[in-house]
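Enquirer: starting from these lines, generate the structure:
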Amino acid sequence: METRKIQKLGYSSLVVSLPKKWADQIGLKPGDSVFIKTDNGGLRVLPSMDTTLEREKRRRYVINTDIIFEEGIIERMLTGNYILGHDTVQFISQKGRVQPKHMDEIRRVVNRINGVGIVEQSLKLVTVQSFIDPTKFPVKGLMQRIYVILTSMLDAVIRGAVEGDYDMIQEVNHMENEVDRLYWLIVRQLLLSQRNREIAKAMGIDSTLHIVGNRTIAKSLEEMGDRMEEIANELMEARDKNISQYLDILKEIEAFKDKIKEILDHSMEAFFSLDVNIANTVINKSEEVKQQSKAIDKKIFEKVSEPLLASTLKLIITNLLQIAKHLGGIAEITINRNLEEPSKLCEWKE
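Expert: Alright, predicted model coming up:
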C-alpha cells in the first residue's frame, strides 16, 4: 500500500497523483479518462473500456519455443492466453525454426476456438491474433447458444441409439466441439469483465457478484456437452453389438431423456427470467428422476447378459443423471441471484 499526499488545485478541487507503475501497467496516458467509484468509504480508480482494449491491442505475449519440450504446453499456453483476453500471442524460435510439432499444436487451438487466426508466419516466428470485440458477445447470449446446441445433442444421441442411426450419433461430437468453443469464449468474456466494469456492462453483467455464478453455470453447460459426447462415443464403440435388440429398454431411456430435456428447458427458463418457482421445480425434479433411473438400471441387470451392452446402457443412464445434477446446481444459483434484490417473495425490511 502506498501513501499519497492530497494537493489543492484551484479554489475547490483536491487532487492526488496516480502511481506511475500502475499507470504504465494499465497503459494510461495523459488525457485518458478513468472512472471513479465509491466503495465502502473508499474510492476505486478504474480504466475506461477504450483504454483497456487499446492496451491489449498494443501488447504482445511472446513465447520462446526453444525451451518448450513437453507435448501440450504450446497448446495450453495459447488457450490460456486466449482465455485471459490476450489478443496477440507470438511464438518465437531463436535457434532456427518453430518446430512442426509446435505448429501442429498452434493450429489445433486456432481451429478449436472462436475469432482467432494465424496472421504472420515465418520459420522463426508465428503470430496468432484474436479479432473478438468483447462488447459484441453478451454472456447470456452465448449461454443461450450453448443451451440450444445441448437440446439438439440430447435428442440426437438418444434418438440415434433408438433408430440405429450412427451418423446422427457421430454428429454429437461435432456439436460438442462448438459447445467447447462457446465455453472458452464465455470464460474469456468473464475474465475481461472482472478487469473492467464498463466492458462488463456491455456484456450484460450488472454486478461483479454474477461473474463467479456465470462461470459455474458455463462450466455446468460445458460438462453436460461432455456427458453427451461420452454417451455418443460409448454407443459408437458398441455399434457392432446390436444394441437395438433391447429396443424396449432404449425406449424407456428415450422417455427418461425426455424428462431430462424438460428439466433442461425449465432450468434455463428459470435462469434467464430469475423465476424462483420454476427453479425450485427444477431442483425437485432433478431429485425425482433418480428413482426412475433405478428402475431402468434394474431392467438392464435382469435382461442384458452381454457385459459391453449392459455397460453401455448403464453409462447412458449415469450420464443423463449427471446432466440432471448440473441442472439442479444452475437452479440453485438462479434462486440465490433472485435474492440479491427485494421482491414480493422476499421483502427487505429495516
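Enquirer: burial count for residue 104?
Expert: 12 (other CB atoms under 10 Å). In this view, the C-beta of every residue, glycine as well, is placed from N, C-alpha and C.
Enquirer: tell me the SS of it?
Expert: Here residue 104 is recorded as helix under DSSP: H, G, I helix; E, B strand; the rest coil.
Enquirer: equivalent analysis for residue 341, please.
Expert: Under three-state DSSP, residue 341 comes out as coil.
Enquirer: distance of it relative to residue 274?
Expert: 9 Å (CB to CB, to the nearest Å).
Enquirer: which of these two has more neighbours?
Expert: Shown here are residue 341 and residue 274; by other CB under 10 Å, residue 274 has more neighbours (16 against 10).
Enquirer: give me the pLDDT for the closest residue to that one other than its chain neighbours.
Expert: Distances taken as CB to CB, 6 or more residues apart in numbering put residue 338 closest to residue 274, at 4.6 Å, once the chain neighbours are dropped. Looking at residue 338, its pLDDT is 93.
Enquirer: wait, doesn't residue 338 sit right on residue 276?
Expert: Yes. The pair residue 338 / residue 276 is scored as a contact, 5.1 Å apart, by CB atoms under 8 Å.
Enquirer: overlap of the contact sets of the two?
Expert: The contact sets of residue 338 and residue 276 overlap at residue 345 (CB atoms under 8 Å, 6 or more residues apart in numbering).
Enquirer: check what pLDDT residue 14 gets.
Expert: The model reports residue 14 with a pLDDT of 80.
Enquirer: that one should be in a strand, yeah?
Expert: Yes. The assignment for residue 14 by three-state DSSP puts it in a strand.
Enquirer: and it, how many residues sit next to it?
Expert: 9.
Enquirer: find the nearest non-adjacent residue to it, please.
Expert: residue 6 (5.2 Å).
Enquirer: next, find the distance separating that neighbour from residue 310.
Expert: 75 Å.
Enquirer: quick one: mean pLDDT over stretch 245-255.
Expert: 95.
Enquirer: switch to numbering from 704
Expert: Sounds good: first residue 704 from here, last item stretch 948-958.
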